[in-house]
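[1] coords please:
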Amino acid sequence: MRALWCAASFAAWCAFAAAQDAPQGDFQRAKTSFESICAVCHGAKGEGGVGLPLKGIAERLTLEQTIEKIKNPNPAMPKLYPEVLSEDDVAGLAAYIRSFR
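    Residues are numbered from 1 along each chain as shown. From the prediction side, this is the model:
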């Protein structure tokens, strides 16, 4: 069930990413991206669910480590970089999730 949920999320992200025309790396775009794809597993406010909680990630990982986790996720999380997420998208998402308290 978890794999099906993540696969559906990945498909939704692909459709979402194709429709975006906001500047790369924009915080609002990162927020919208998170809400559209990441929140399905990580919770609307990063509280966790199927995926790990992201609240307080800034206290656990540096910005560089957060970017690396997005680029090269654990096997349970879909790998979205570089096919779906650009370098700027990853940087924006990393900054956005680090704002979760």
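[2] Which elements pack onto the helix or strand where Tyr96 lies?
    For Tyr96, the host element (DSSP states H and E) is helix 87-97. Helices and strands touching helix 87-97, as assessed by 3 or more C-beta pairs under 8 Å, 6 or more residues apart in numbering; DSSP states H and E, comprise helix 27-33, helix 63-71. C-betas here are computed from N, CA, C, even on glycine.
[3] residues in contact with it?
    For helix 87-97, contacts defined as C-beta atoms under 8 Å, 6 or more residues apart in numbering pick out 17, 24-27, 29-31, 33-34, 38, 46, 54, 57, 63, 66-67, 70-71, 81, 85.
[4] which residues touch the residue nearest the centre of the chain?
    Per C-alpha atoms, centre = their mean, the C-alpha nearest to the average position across the chain is that of Cys38, at 4.6 Å. Shown in contact with Cys38 (C-beta under 8 Å, 6+ apart): Gly51, Leu93, Ile97.
[5] With Ala44 as the reference, measure out to it.
    10 Å (C-beta to C-beta, to the nearest Å).
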